[in-house]
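J.: My questions are about this predicted structure, shown below with the sequence.
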Amino acid sequence: MFKTIRNAWAIPDLRRKLLFTLMIIIVFRIGSVIPVPFLDMAALREVMNANGVETGNSMLAYLNTLSGGAFSNATLFAMGVSPYINSSIIMQLLTIAIPPLERMAKEGETGRKKIATITRYVTVALGLIQGTAYFFYLRNQNITVYNEGFSLWFSAIVIILAFTAGTALMMWMGEQINKNGIGNGISILLFAGIVARLPWTINVLAQYFSLGFSGSAQYFILVPFWVILFLAVIWIITFMQDSERRIPIQYAKRVVGRKMYGGQSSHLPIKVALGGVMPVIFASSILSIPSTIEMFWQPTGIWAGFFAAFRADGWAYALLYFLLILMFAYFYTSIQYNPVEMANNLKQNNGTIPGIRPGTPTAEFIRKILSRITLIGALFLAFIALVPIIYSSVTGLRGLTMGGTSVIIMVGVALETVKQLESQMMMRHYKGFLD
């Protein structure tokens with residue numbers, strides 16, 4: 001990876017893109033430490049520590065990890081990229097369910113631009129809703145300050161609009177990375193937020209390890225084992241990201257004039273991790289909805305138990321997380337791969353799968369392969385996402401914000417970005433050769 005970055009740095013065009021991406025990340029980190037006005041920061045830190053947003057395994061702690069600590073500090077970028085991710089999920093679902101949007105998606109570049117515009121508006125609306133929910137959370141915890149010459153309504157409007165503006169700005173920065181930088185913009189910002197929490201995780205590990213000198217000798221085993229588990233998860237993710245099922249393809253011979261074409265053998269590669277990190281991001285974003293609703297008021301009685309079940313260390317959260325990852329893995333595969341279209345393309349190019357007739361039998365064969373591969377990939381994602389949660393619950397190592405979801409996103413984005421760098425370097429190599 002470092003060799004790829006070094007080689008890309010030697011190319012002026014790619015160096016400009018890398019510097020632009022780095023500049024956007026720096027702006028993101030600056031915005032992540034600028035708090036919104038009218039807040040009592042000392043009270044904010046006490047409440048966040050008391051509620052486990054900084055040190056716990058709650059859903060709010062997970063949102064805090066994705067935002068790089070911006071959520072717990074109530075900064076401009078406290079909402080992170082969650083509103084944009086949720087907006088993308090909603091639009092993809094509506095594109096399938098609503099015929100006008102489906103027709104719009106099939107209009108080519110024009111239709112995609114229209115859907116992208118609608119996605120932006122939905123993102124701002126969701127950012128406004130989440131910002132309002134966060135304001136009520138801060139208000140219920142008596143963190144807001146509004147008695148210094150300003151009314152409560154004025155303070156509320158300023159705080160909510162600041163959160164919403166931060167959401168819109170992050171969406172814009174992600175799009176700028178897509179246009180002028182390297183990698184997927186939203187994924188890069190997610191990656192930057194997660195990496196920014198690494199020092200915090202290392203500090204928590206050091207504190208747990210120091211407890212071993214105070215008589216809790218089990219931490220001498222639990223902490224190193226967590227580090228080994230963390231490295232093993234990274235290796236498994238890297239291995240699975242490059243794993244693929246190769247379907248053999250045989251092209252028939254054909255004569256054009258005096259020349260003979262075809263007759264060679266090839267393969268159709270299908271990756272095990274077809275959806276990449278998207279099913280995990282989609283599932284975690286959906287599971288953040290109960291936490292967002294909970295921020296509007298302080299539930300009591302049966303409602304308190306209901307929302308407690310959706311915390312990151314609750315059984316309902318783990319079960320729904322597992323099911324949603326499976327569902328979104330199949331959903332993402334269905335919208336990205338069309339077995340009928342793949343079979344038709346093979347037929348048009350005189351390609352066949354040995355032992356399978358062209359047309360409908362080929363489409364059915366590819367559909368079965370996709371279904372099995374998707375199941376393997378989804379189970380892999382669910383396993384990686386749930387192992388750290390289970391380990392923390394069993395061992396009691398709380399506050400380790402670098403969970404399975406974060407690791408999957410971090411490693412997946414890093415691999416995808418490096419592959420994009422390699423493809424751009426390869427394209428420039430061939431372009432220079434042809435020139």
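T.: The structure has been received and is ready for your questions.

J.: got any ranges where the stretch 51-200 of the chain has weak pLDDT?
T.: Scanning the stretch 51-200 of the chain for pLDDT under 70 picks out 51-59, 145-150.

J.: Okay, helices next: where are they in it?
T.: Using DSSP state H, counting those that start in this stretch, the helices of the stretch 51-200 of the chain run over residues 59-66, 82-97, 99-105, 109-140, 152-180, 185-196, 198-211.

J.: Burial check on residue 72, number of neighbours?
T.: Taking other C-beta atoms under 10 Å as the criterion, the count of residues near residue 72 is 22. For the C-beta atoms, the positions are set from N, CA and C on the backbone; glycine is no exception.

J.: returning to that earlier point: of all the helices of the stretch 51-200 of the chain, which lies closest to residue 422?
T.: Residue 422 lies closest to helix 185-196 among the helices of the stretch 51-200 of the chain, at 16.6 Å (C-beta to C-beta).

J.: For the closest one, name the packing helices and strands.
T.: With contacts taken as 3 or more C-beta pairs under 8 Å, 6 or more residues apart in numbering; DSSP states H and E, helix 185-196 sits against helix 12-31, helix 59-66, helix 152-180, helix 404-434.

J.: ok, which stretches of the stretch 301-435 of the chain are helices?
T.: Remark: helices of the stretch 301-435 of the chain, listed N- to C-terminal, are 302-308, 315-336, 339-348, 360-395, 404-434; assignment by DSSP H, counting those that start in this stretch.

J.: Relative to residue 115, which of those is closest?
T.: Evaluated with C-beta to C-beta, these place helix 315-336 nearest to residue 115, the distance being 12.8 Å.

J.: Out of the helices of the stretch 51-200 of the chain, which gets nearest to residue 334?
T.: helix 82-97 (8.7 Å).

J.: ok, residue 366 - contacts?
T.: Shown here is residue 366, whose contacts under the criterion C-beta atoms under 8 Å, 6 or more residues apart in numbering are 247, 268, 339, 342-343.

J.: how near is it to residue 172?
T.: Applying C-beta to C-beta, to the nearest Å, one obtains 39 Å for the distance of residue 366 from residue 172.

J.: ditto for residue 328
T.: 26 Å.

J.: Between the two, which has more neighbouring residues?
T.: In terms of neighbours (other C-beta under 10 Å), residue 328 is the more surrounded of residue 328 and residue 172; the figures are 23 against 12.

J.: Please tell me I have it right and that one contacts residue 278.
T.: Yes. Residue 328 is in contact with residue 278 according to C-beta atoms under 8 Å; the separation is 7.2 Å.

J.: Let me see the contact set for the nearest residue to residue 330 once chain neighbours are set aside.
T.: Setting aside the residues directly before and after it, residue 330 is nearest to residue 374 in space (C-beta to C-beta, 6 or more residues apart in numbering), at 5.6 Å. Each residue near residue 374 by C-beta under 8 Å, 6+ apart is listed here: 274-275, 329-330, 333.

J.: In a markdown table: those, plus pLDDT and neighbour count.
T.: Written out in a markdown table, the entries for the contacts of residue 374 read as follows (pLDDT from 0 to 100; neighbours: other C-beta atoms under 10 Å):
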| residue | pLDDT | neighbour count |
| --- | --- | --- |
| 274 | 74 | 21 |
| 275 | 71 | 24 |
| 329 | 86 | 28 |
| 330 | 86 | 19 |
| 333 | 82 | 19 |
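
J.: Is it possible to get TSV of those that adds distance to residue 293?
T.: Putting the contacts of residue 374 into TSV (distance: C-beta to C-beta, whole Å) gives the following:
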residue	distance to residue 293
274	32
275	27
329	26
330	27
333	30
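
J.: nearest to residue 157, of those?
T.: Compare each of these with residue 157 using C-beta to C-beta and the shortest gap goes to residue 275, at 39.5 Å.

J.: so what's the closest one closest to, chain neighbours aside?
T.: Setting aside the residues directly before and after it, residue 275 is nearest to residue 332 in space (C-beta to C-beta, 6+ apart), at 3.8 Å.

J.: burial measure for the one you found, as a count.
T.: As a burial measure, residue 332 scores 19 neighbours (other C-beta under 10 Å).
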